[in-house]
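1. just coords:
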């Protein structure tokens, strides 16, 4: 039996999964595309002294795209069944806290890198 058929979800849980997929995966991909577009604008319009900033946005977009893949992997494990203290199986829900922490760390790193590169432009 295929793994997808081994999990029995209610209609509400299926709607929740689909909504999370549309919202979060779409948001990650849109953000990555916007970062790639901004990097391309910086690389094409500005002079060569701005190339490191464009490269930073390109790398940031790539890491957001990788984070979306990780989020999808984690999203496939959001709903699971666990045995509680009474010995009965219960449907459980796992939040996506790991993805949020990863994206927060990446964003802070990108902003710090952007500030450092901006300060280096003045000198």
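-> Everything's here; your move. Note that the structure is predicted; figures quoted are calculated from it, not measured.

2. so how many other residues sit close to residue 115?
-> 10 (other C-beta atoms under 10 Å). Any C-beta I mention is one placed from the backbone N, CA and C, and that applies to glycine too.

3. so how far is residue 109 from it?
-> 11 Å (C-beta to C-beta, to the nearest Å).

4. the strands in the chain, which residues?
-> Assigned by DSSP state E, the chain shows strands spanning 79-83, 89-93.

5. need the pLDDT of the residue lying farthest from the centre of the chain.
-> What lies farthest from the middle of the chain is residue 86; by C-alpha atoms, centre = their mean that is 36.5 Å. Looking at residue 86, its pLDDT stands at 80.

6. show me the shaky parts of this protein.
-> Low-confidence segments of the chain (pLDDT under 70): 1-7, 75-81, 91, 93-94, 123.

7. would you list every one of the helices in it?
-> 3-6, 11-20, 26-45, 51-75, 97-122 (DSSP state H).

8. with distance to residue 82 as added columns, please give these in CSV.
-> What follows is the helices of the chain, written out as CSV (distance: least, C-beta to C-beta, whole Å):
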stretch, distance to residue 82
helix 3-6, 15
helix 11-20, 15
helix 26-45, 28
helix 51-75, 17
helix 97-122, 17
